[in-house]
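In: give me a model of this one.
(chains A, B, C, D and E)
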Amino acid sequence: MYHSKKIIPGLIIFFLFMTFPFWFNIGGEAYVTPELVLPEDHENCIESVEFIRAEHMTILDQWRDAYVRDGYGLYESSLTGEMYAMSLTKTCMDCHDDKEQFCDRCHDSVSVSPYCWACHIEPEGVE
Amino acid sequence: MAIQKPDTMFKNIDHKPPRKDWMDVPADIKPGRYCYAAGPEPLEYVGMPNPRKWDPLDKDWKLPENWENTIITGMKERLEKYRSFKIFMDICVRCGACADKCHYFIGSGDPKNMPVLRAELLRSIYRGELTTAGQILGRFAGGRKLTEEVLKEIWYYYYQCSECRRCSIFCPYGIDQAEITIIGRELLNLIGLNIGWIAQPVANCYRTGNHLGIQPHAFKDMLEFFCDDIEEIYGIKPEPTFNKVGADILFVTPSGDVFADPGTYTCMGYLILFHYLKEEYGLDITWSTYASEGGNFGLFTSHEMMKRLNAKMYMEAKRLGVKWILGGECGHMWRVIHQYMDTMNGPADFLEMPISPITGTRFENASSTKMVHIVEFTADLIKNGKLNLNKSRNANVRATYHDSCNPARGMGFFDEPRYVLNNVIDTFHEMPQGTTKEQTFCCGGGSGLNAGENEEIRMMGGLPRANAVKFVHDKHDVNMLSCICAIDRATLTAMVDYWVPGVQVCGVHELVGNALILPGEHERETDLRGETLPGKEEE
Amino acid sequence: MKAIYSLFLVFALILLAMIGAGTLGMEYLFGVIIPYLAVLAFVVGFMLKVIGWGKSAVPFRITSTCGQAKSFPWIKENKLENPSSTWGVIGRMFFEVFLFRSLFRNTKVEIHDGQRIAYSSSKWLWLFAILFHYTFLVIVLRHMRFFTEPVPYPFVLLDRLDGMLQIGAPVLYISSLIILAALFYLLLRRLLIPSMRYISLPSDYFPLFLIIGVVITGILMRYFLKTDIMAIKELSMGLVTFRPVTPEGIGVIFFIHLFLVSVLLFYFPISKLMHMGGVFLSPTRNMTGNTRMVRHVNPWNYPVKVHTYDAYEDEFREKMVEAGLPVVKPLEEKSENAENKE
Amino acid sequence: MKSSRRKFIKMAGFAALGWSICPSLAGARNPNSRYFVEAERLTAQQWAMTIDTRMLTPEVIDAAIDACHSLHNVPEIEPHQNIKWIWTEPFENLFYDQSHPHLADAAGKQFLTLCNHCENPPCVRVCPTKATFRRTDGIVLMDFHRCIGCRFCMAGCPFGARSFNFSDPRLHLETIDPEYPTRTMGVVEKCEFCSHLLDKGQMPACVEASDGALLFGDLNDPGSDVRRALSERYSLVRKPKLGTGPKVFYLI
Amino acid sequence: MNLDKLIKEKKTQILKLWILKFTNTYPEESAQFFRGGPGQFANPVGHTFRSNLDKIFDELFMEYDSKKMQGLVDPIVRIRAVQGFDPSEAVCFVPMLKQSVWEICGKEVTRQDHISEWLDFIERLELLTYTSFDVYMRCREQLWKQKAEFTNSRTHKLLEKANLLKKAGE
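Out: Below is the predicted model:
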């Protein structure tokens, strides 16, 4: 091969770039989906777990419009038929009262940085 | 009142190709766009394959047996020998940036003159015959098989590319169509597909040293004939030396300068300059009848032929024991010198580092090739005030400058000729931006295409250039198109005559010759062309 | 027609993934085996291709000279457009690779039909090409959040920047919009401009449709057909730590997305997409243009048959002597020799 | 598994439709949710406020401001970057165009002022993202989520009732009331007539703290406190000529 | 309103159609380039067609200065003359104008009181056809002359006379 002094380092750089995730995780422990600390005194969330997992951000997004703009304050669960205040801090965080143990675990793991807490005041975890 | 529809009035107007893929449209070889095939004699003389009499308009091209194999193996071999070729075959994304940059496309509107498509002609063979994907998927992978139809198409369009490289500067990957064309033609030559206009000069050059087949004594006669002319104008007769062992410098110029108007005037310019340098500074420059050709139609044939023809320059310089070589105004000659000569026939360790004996300037940029461009040489002389020039002798010249493709896009030779021009003439106007320097347009006849029979494609290809000339002609009354290429001088003359009557073509050194005051000359009344100088009319 | 074939092919691929990972439940095949093979094929194929190029010689130093060459000290050299030094080449390559300099050269103001100032459309090609490539890069880097744990800050930052507009939840990525716009520009350009349509091959449409497919499935997955992102992370982390798992609850849309990406990786080394590597190896751009100054060596240079001066003189000696041109061997000698031979 | 199978069937449908995705079909979204209003919510056709200038003692003023700012986490920052929802201005600043010599006794007196919740609010018209909007009950409300900090509204408001967060307000707050969110840097804010309290059936904080100096009620209800006060007393509104229709009335 | 005025009023439409028809004598790929390519120097053919057809249109409705008209026709025909067209194809832009006018203003033309003006217009077009053919012939003649000169160039003649040419392989 000609110009191997330039091509081989180039290929090594290419290789390192393209296999970045593989060597970056060498030595790391096996990845496990973060364990979430669930509230003990509640059996269910306002909707089914699958739905909440996929759609919690959408719900919050819709709530905030419904609450701020349209003046609705209550949400009727399709799971239980119960009424909940449409409030991040008053409803969600009432049960999930530790942001670090709950929200952040997944969010950090997939690098999602919701900006809820830039304004809303996070509850202090239950000691 | 009914009017006939134009389509019934003009049945022939059906240039719209049927809505077909380009691969399904065979080449329609049209008179005026192709050059005649090479006869057997020149091919035999230099030992090129398949010499025979054939005509591109015939159905049977008398191809050698197993020609497909020859081309495919030839291609394979070149893919290994030329990384450029291999990469250019692999990475084109057909972005179309080059499509409207080719002067032949701009002038003729033939879609297969889009550089990308011209390359695709060969690329489709590469994919279809040499890549696994192409062999399996065929058309879907953009591949096709090499058939006689395809071969004819390649021949037709690869002799409609002047290797001017304009498209390559717009390519995001630097794909150089000229290199592809060179290799394409090399492949065609493997099975004897050539054109006469290239093959004959090649053989002539190999034998006599120059393209026209001028024998040594005729070469000398011709230059002496010019010297007589100069004597008439200046009252002084230059006395050039030939094949002189021990001269300081060997001078090589395209034979077009010696034997074709208006290059002859440029040649007279050289003679005047050399005489001046001899008289004033004692510089001994010799001409060679053996290496009497700067141009190299081998470049348009194959790398090997290029090397065979080019070898003469160094061999002659070595034999004569000169210090270094000076090269005349020529386009593709300089492309060969700049990009191939030292690699092919070097190292030129028998020559000295080129230093101007008059100014002491070291030509650092030629330190390995040891060959200096005469325009550089003259520019240096002017810069150091070594020439006695009188611009007013060019007062009738209102010039613009055509960047010849090869010095421009093969070397980056832009400012030197402009510097010289500005020192020998009063009136100089640049053509519009986008048509000069690295974006210059071809004369339409480069790469051995300045034959007589393909005049139409030359005129179409020359149109973008002529159009820019017309602009400065109309706007600034420019009447002289200067350039530093022998093919340009030959091609542009007819081309400009057709598109922009009233403009003449000249070499830079013709204008230098006009302006140079020779010691002891009598008062001049005409320029080198014998035209009366301004202010001398009544005498 | 060529476009439709390619489109159908992409649809077929989607269908394949739907049936395979969806109905037939071959999640392991589509989630683990194919991606592994794809990465392997991509990395190995890419390197083999580059090595293949490397094996070809560079016999001559032919660069495109887009500016004044190095000449006298009093002539300004264009160090980037016609570099004579390695640094110049590095600069030139930087502008080519990162800013698409040559495509940008197309951007030119012209006087159109007398007085109107017009820009050539090629500027748009440059713009959308550069938008496409950079957003593609951003998107690839952004995906690193699925392949790293903990996610390094640069990727987090990039993610935030991309979602800077804070529209909707999940936050809308700016890159999603740009890449779609750029891809559709590149596609429509090929479809609508006759000359572009003429030069386009199925292998031009296919990667476009494929990437559009990847982007659209990605967007669908993120914004519309939600799937369990934590399970996806588990799968992707399993892949990169060589402990492959296929967790429950991953929607088919993910497998389609992953399968299209895998196909793209498979296809990459055997296609024009290799311009990614080729742009670095293009001999017209990655060399200095100082051939007259520094000799370039051709590794396969071989001797050729030449017409020597002696042979030349032998042929024309008589005429040369007659014309008073100097000769090496006198005339008599030649005739004697000739006689002797006879 | 079951749910992914279901998704697959849907996906097949989409693909057949050539990717003409209809979001409402996409996935298990929005499971018949319904939104309701709180039962105790206070409603009105047009909320309005009166400020009894005679009762504005410094204590009342301080109490009102403090009640508002502590409830809404409004920070105290150096003057040119200060955030204010309700604040004081001297009479002549508020009513420079309606002043006459006989009002001399009012001159120099500090009055409370706040967002006027105009009937034709210019701030709403200029907002490019519709972050500021007018509720059906007449309150000009801000959706802080949407504010992009362009400050057009600040330029549009003739009363200077809006403030811009040049820095993170939390840096300037000693205590934070967790009930009400703070804002972030780069967001504009202003008085909201305590719409969140109204929704819970409470009166605005400043009204509660004002010891009767501030009254709040439905302008369209002839029996409301504000209507009664307005019918009994001479009142002014700020810059009436601008035609924005302020809904904060000053009882002189 | 008289016919000339009417036609002039619809100039933009007619011209557009005319240029479209004329450029359609090229393959679609280049036709579009010629129609809309970027400007005077990057696209001389397109530019010449667009601007000169425009000027010819104007000149037709002014006093028909045959010298000026020739100058306008020349660049177009000069291009067509080297592009491998038959003579009739090379000058087909003239009947194409008639066709374009007919398609845009056909109804008006058939009105009784316009017939004489229409005939007058046709007559001018005929004149234009003759001019175009003249130019075409001149261009072709020039090409042939150049070809002839090329083969009989001064030097070649000179050399041949002196019997100085020695071709390789002879």
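
In: for C:Thr241, what are its contacts?
Out: By CB atoms under 8 Å, 6 or more residues apart in numbering or on different chains, the residues touching C:Thr241 are A:25, A:28, A:30-31. Every residue, glycine included, has its C-beta placed from N, CA and C.

In: my bad, E:Ile7
Out: Counted by CB under 8 Å, 6+ apart, E:Ile7 has contacts E:14, E:61, E:101, E:105, E:121.

In: who wins on neighbours among these?
Out: Neighbour tally across the contacts of E:Ile7 (other CB atoms under 10 Å in any protein chain shown): the maximum, 27 neighbours, falls on E:Val101.

In: if we can go back for a sec, and the furthest pair within the contacts of E:Ile7?
Out: E:Phe61 and E:Cys105 (12.9 Å; CB to CB).

In: name the SS class of the residue nearest the centre of chain C, please.
Out: Taking CA atoms, centre = their mean as the criterion, C:His275 is the residue nearest the geometric centre of chain C, at 2.0 Å. Following DSSP: H, G, I helix; E, B strand; the rest coil, C:His275 is assigned to helix.

In: quick check: closest non-adjacent residue to it.
Out: B:Ile91 (4.1 Å; CB to CB, 6 or more residues apart in numbering or on different chains).

In: phi and psi next, for B:Leu389.
Out: Here is the backbone geometry of B:Leu389 (degrees, to the nearest 10): phi -110, psi 150.

In: burial of the closest residue to chain A within chain E, as a residue count?
Out: When distances are taken as CB to the nearest CB, chain E reaches nearest to chain A at E:Ala42, 36.6 Å away. Residues lying near E:Ala42 (other CB under 10 Å) number 25.

In: with the one 5 residues further on instead?
Out: If you count neighbours by other CB under 10 Å, E:His47 ends up with 22.

In: the one 10 residues further on too?
Out: By the criterion of other CB under 10 Å, E:Phe57 has 19 neighbours.

In: and the pLDDT at the most centrally placed residue in chain A?
Out: Centroid-nearest residue in chain A: A:His107, 3.3 Å away (criterion: CA atoms, centre = their mean). Confidence at A:His107, expressed as pLDDT, is 89.

In: does it really touch A:Pro114, like I thought?
Out: Yes. At 6.6 Å, A:His107 counts as touching A:Pro114 under the criterion of CB atoms under 8 Å.

In: overlap in contacts, these two.
Out: Joint contacts of A:His107 and A:Pro114 (CB under 8 Å, 6+ apart) do not exist.

In: related to what we said a few turns ago, report the contact partners of the residue nearest to the centre of chain C.
Out: C:His275 neighbours (CB under 8 Å, 6+ apart): B:91-93, B:173.

In: how about a cut-off of 7 Å?
Out: B:91, B:93, B:173 (CB atoms under 7 Å, 6 or more residues apart in numbering or on different chains).

In: just to revisit the earlier point, isn't there a strand covering the residue of chain E closest to chain A?
Out: No. Counting by three-state DSSP, E:Ala42 falls outside a strand, being coil.

In: helix or strand: which one has the residue nearest to the centre of chain A?
Out: In this structure, A:His107 sits in helix A:103-109 according to DSSP states H and E.

In: roughly how far out does that helix sit from the chain middle?
Out: Offset of helix A:103-109 from its chain centre (CA atoms, centre = their mean, to the nearest Å): 5 Å.

In: tell me if it is near chain C.
Out: Yes. Interface with chain C: helix A:103-109 contributes A:106, A:108-109 (CB under 7 Å from any CB of the partner chain).

In: next one: B:Asn423 from chain C, what distance?
Out: Computed as CB to the nearest CB, to the nearest Å, the B:Asn423 to chain C distance reads 13 Å.

In: to clarify, my last question referred to E:Ile122.
Out: 29 Å.

In: tally of neighbours for that residue?
Out: 13.

In: next up, the contacts around it.
Out: Taking CB under 7 Å, 6+ apart as the test, what E:Ile122 contacts is E:Lys98.

In: any idea how far it is from D:Gln110?
Out: 92 Å (CB to CB, to the nearest Å).

In: now C:Ile178
Out: 53 Å.

In: repeat for C:Leu99
Out: 61 Å.

In: who has more neighbours out of those two?
Out: D:Gln110 (17 against 12).

In: what sits opposite the more buried one in the beta ladder?
Out: D:Pro90 (DSSP bridges).

In: return the residues in contact with it.
Out: D:Gln110 neighbours (CB under 7 Å, 6+ apart): D:61, D:88, D:90.

In: from those residues, pick the one nearest C:Leu80.
Out: Nearest to C:Leu80 among those, with distances taken as CB to CB, is D:Thr88, at 64.1 Å.
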